[in-house]
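Trainee: One predicted model, sequence on top.
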Amino acid sequence: MNKTLLVLLSGLLLLGCQEVEEQTANEVMVLGGGLMGSATAWQLSKQGYRVRLIEKQDSIYTQGSSYGEARIARSNNRGNDIWSYLHNRSVQEVEELIAFLNKDLPEPIHHVEDIYTTSPVTYVGRTRIYERLLASLERQKVKYDMASNPAEGRDLYNVLLPESVLMQREYNLHSGTINPRALIQKLHQAVRKMGGSVEYQTKVLEVKQDSVTQRFHLLLDQQGQEQQITVSKVVSALGPYTGTTLREVAPYLDTLINPQRVFLAFFRVAPKVYRSLTVEQQQKLQDFYPVINSSKGTRSGSFFSMIEYFDSEDIPVIKIGGHFQRSAIDDLDQVWQKDLMQEEIEWSLKSTAGYFRMLNIPVESEDLEWVDGYSCVYALTASEVPIVSPVITPDHKPDANFVVLGGMSGVGAKGAMSYGLIAADLFTLRSEPDSMYWVVKKALGFERLLEDVY
Ligand SMILES: Cc1cc2nc3c(=O)[nH]c(=O)nc-3n(C[C@H](O)[C@H](O)[C@H](O)COP(=O)(O)OP(=O)(O)OC[C@H]3O[C@@H](n4cnc5c(N)ncnc54)[C@H](O)[C@@H]3O)c2cc1C
């Protein structure tokens with residue numbers, strides 16, 4: 001056979017393969033490379049799909065709900081066991097991811113500790129939650145201890161608990177904080193290692209569905225160049241941009257998922273004061289973060305706080321925010337640049353200083369130095385339970401070719417790997433016998449979405 005004929009024939013064969021690949025629907029386009037899109041892209045790759053992950057930012061993630069190096073990861077949730085399951089299942093998935101990345105390396109360079117910092121999670125709340133809390137701790141198999149009055153607070157933790165306030169601490173392995181930045185980077189690495197692609201600086205401008213072929217037309221902006229592509233299977237994980245970007249294929253999401261501004265303030269103890277603390281006090285300061293503090297019993301008085309990083313002087317930089325400090329957004333593209341208001345700074349300072357007083361660590365508000373503060377956004381549904389579901393067809397059926405992860409709210413990070421798993425399973429029809437897997441899938445899934453919309 002002559003050479004030109006051979007090249008022609010192999011070209012035709014290649015074209016044939018590509019067509020078969022399309023027909024077997026082995027390719028999925030994942031929109032949004034934050035925690036949810038990245039986790040889904042990895043899970044799909046692991047289950048044999050070829051993934052194309054599209055992200056409008058550069059390879060260094062600087063804006064989005066997943067921005068930052070610390071989110072609280074915890075096994076206990078007194079309200080609902082699904083959060084506990086989502087976290088615990090994510091830990092298993094992170095272990096698997098790390099093993100995959102280390103496979104075939106002369107020695108392991110990836111570690112679960114790159115993602116999780118194990119540190120007791122401290123909860124401060126009103127004693128009226130005691131029974132409910134105790135029941136959930138037992139049910140969710142949490143290692144814990146607890147002080148439920150001022151005397152126990154002094155004896156157990158050397159803290160100053162007000163009357164009617166309890167403090168409980170969780171000691172499970174990998175409870176503490178999860179690092180979104182590190183997890184996103186490793187997930188992208190893993191997707192590439194599986195043969196998928198991660199395309200940065202590529203913005204989805206428009207998503208439409210052809211009513212005859214049922215295929216999806218996407219208009220992309222790739223570093224200033226527009227490109228129209230047609231695909232069969234799509235996952236959308238666009239965070240706060242879900243509603244606006246999907247207005248053509250799932251217009252109801254724009255009202256169902258509500259982006260809200262939240263602010264974060266960063267402080268450190270002034271170096272001179274920090275160094276004047278005893279070694280035990282410095283250690284205590286580190287050990288009693290992260291914290292979820294609802295001791296006031298009011299939504300506006302509640303805060304979450306954690307150590308984001310240690311600065312160049314090895315002083316912990318403490319981040320604080322409040323889920324109920326959130327506010328409506330006028331312009332989603334501009335909100336990230338919004339400075340903190342004076343009252344937000346004062347609330348953050350007062351809350352941090354109050355916590356130091358409770359911990360019995362001699363740091364006053366004037367000893368706290370402002371480091372940074374910024375606005376960020378997360379999107380949430382009315383029930384604050386995220387959606388991981390196929391979108392709805394005009395005749396109210398699940399569209400098995402378009403899965404959306406949205407409304408991940410202020411609790412998404414710790415469960416990211418599980419949300420990704422459930423989203424991938426919607427394509428591959430993989431499932432698990434664990435009854436909690438089904439409870440969670442249902443809570444996030446299609447029937448619930450249908451109920452929310454109609
Ligand atoms: C202040 C704050 C505190 C939080 N605290 C906790 C906590 O303690 N514990 C916890 O578990 N969770 C916490 N969360 C929640 C968690 O961080 C989020 O639920 C999670 O990061 C959501 O991830 P996502 O992938 O859905 O969204 P995102 O991270 O926003 O990802 C969406 C991605 O899509 C990209 N994108 C958007 N539009 C386009 C487009 N048109 N084309 C291409 N790409 C696009 C964005 O750039 C982004 O990368 C917190 C969130 C915030 C904001």
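Mentor: Looks like it came in fine.

Trainee: Could you measure from the residue in the stretch 101-250 of the chain positioned nearest to the ligand over to residue 84?
Mentor: Nearest to the ligand in the stretch 101-250 of the chain, going by Cβ to the nearest ligand atom, is residue 239, at a distance of 2.4 Å. Bear in mind the C-beta positions are built from the backbone N, C-alpha and C, glycine included. Residue 239 sits 24 Å away from residue 84, going by Cβ to Cβ, to the nearest Å.

Trainee: How about the contacts made by residue 198?
Mentor: With contact taken as Cβ atoms under 8 Å, 6 or more residues apart in numbering, residue 198 is in contact with 33, 41, 53, 55, 59, 188, 191-192.

Trainee: Tell me the secondary structure at residue 421.
Mentor: helix (DSSP: H, G, I helix; E, B strand; the rest coil).

Trainee: Tell me, how many residues neighbour the residue nearest to it when sequence neighbours are not counted?
Mentor: Using Cβ to Cβ, 6 or more residues apart in numbering and skipping residues adjacent in sequence, the residue nearest residue 421 is residue 43, 4.9 Å away. Residues lying near residue 43 (other Cβ atoms under 10 Å) number 28.

Trainee: follow-up on the earlier one: pull the most distant pair out of the contacts of residue 198.
Mentor: 41 and 59 (14.4 Å; Cβ to Cβ).

Trainee: More neighbours: the two, which one.
Mentor: Shown here are residue 41 and residue 59; by other Cβ under 10 Å, residue 41 has more neighbours (35 against 12).

Trainee: Look at stretch 67-83 and report the distance between its end residues.
Mentor: 21 Å (Cα to Cα, to the nearest Å).

Trainee: buried set for that stretch?
Mentor: Neighbour counts over stretch 67-83 (16 or more other Cβ atoms under 10 Å) mark 67-78, 81-83 as buried.

Trainee: for it, the distance to its chain's centre please.
Mentor: Chain-centre distance of stretch 67-83: 9 Å, with Cα atoms, centre = their mean, to the nearest Å.

Trainee: Could you do stretch 213-232 as well?
Mentor: For stretch 213-232 - counting by Cα atoms, centre = their mean - the centre lies 27 Å from the chain centre.

Trainee: Would you mind checking which helix or strand in this structure has the lowest mean pLDDT?
Mentor: helix 3-23 (a mean of 39; mean pLDDT, DSSP states H and E).

Trainee: and the next element down the chain from it?
Mentor: strand 27-31 (DSSP states H and E).

Trainee: Can you pull out the residues in contact with that following strand?
Mentor: Counting by Cβ under 8 Å, 6+ apart, 21, 37, 40-41, 44, 49-54, 204, 207, 216, 218, 231-238, 245, 427 sit against strand 27-31.

Trainee: Quick one: name the residues of this protein near the ligand.
Mentor: Residues of the chain lying close to the ligand (Cβ under 6 Å from any ligand atom) are 31-37, 54-57, 64-66, 71-72, 180, 203-204, 237-241, 245, 262, 264, 304, 321, 376, 378, 408-414.

Trainee: The residue of the stretch 101-250 of the chain closest to the ligand: what's it in contact with?
Mentor: Contacts of residue 239 (Cβ under 8 Å, 6+ apart): 32, 34, 36, 64-66, 377-379, 406, 408.

Trainee: where does it land on pLDDT?
Mentor: With respect to pLDDT, residue 239 scores 98.

Trainee: Identify the residue spatially nearest to it, adjacent ones excluded.
Mentor: Closest to residue 239 by Cβ to Cβ, 6+ apart is residue 65, at 4.7 Å.

Trainee: ok, residue 282 - how many residues close by?
Mentor: 18.

Trainee: Sorry, slip of the keys, the one I care about is residue 334.
Mentor: Count around residue 334 with other Cβ under 10 Å applied: 10.

Trainee: How about residue 255?
Mentor: By other Cβ under 10 Å, neighbour count at residue 255 equals 11.

Trainee: Name the SS class of it, please.
Mentor: Residue 255 ends up helix, using three-state DSSP.

Trainee: State the helix or strand in which the closest residue to it other than its chain neighbours lies.
Mentor: Excluding its sequence neighbours, the residue lying closest to residue 255 (Cβ to Cβ, 6+ apart) is residue 243, at 7.5 Å. Assigned by DSSP H and E, residue 243 belongs to helix 242-245.

Trainee: about what we covered before: out of the buried residues of stretch 67-83, who's nearest residue 290?
Mentor: For these, the nearest to residue 290 is residue 72 (4.7 Å; Cβ to Cβ).

Trainee: Neighbouring strands of the helix or strand harbouring the closest one in the sheet, and parallel or not?
Mentor: Using DSSP H and E, residue 72 falls within strand 71-73. Using DSSP bridges, strand 71-73 pairs in its sheet with strand 176-178 (antiparallel).
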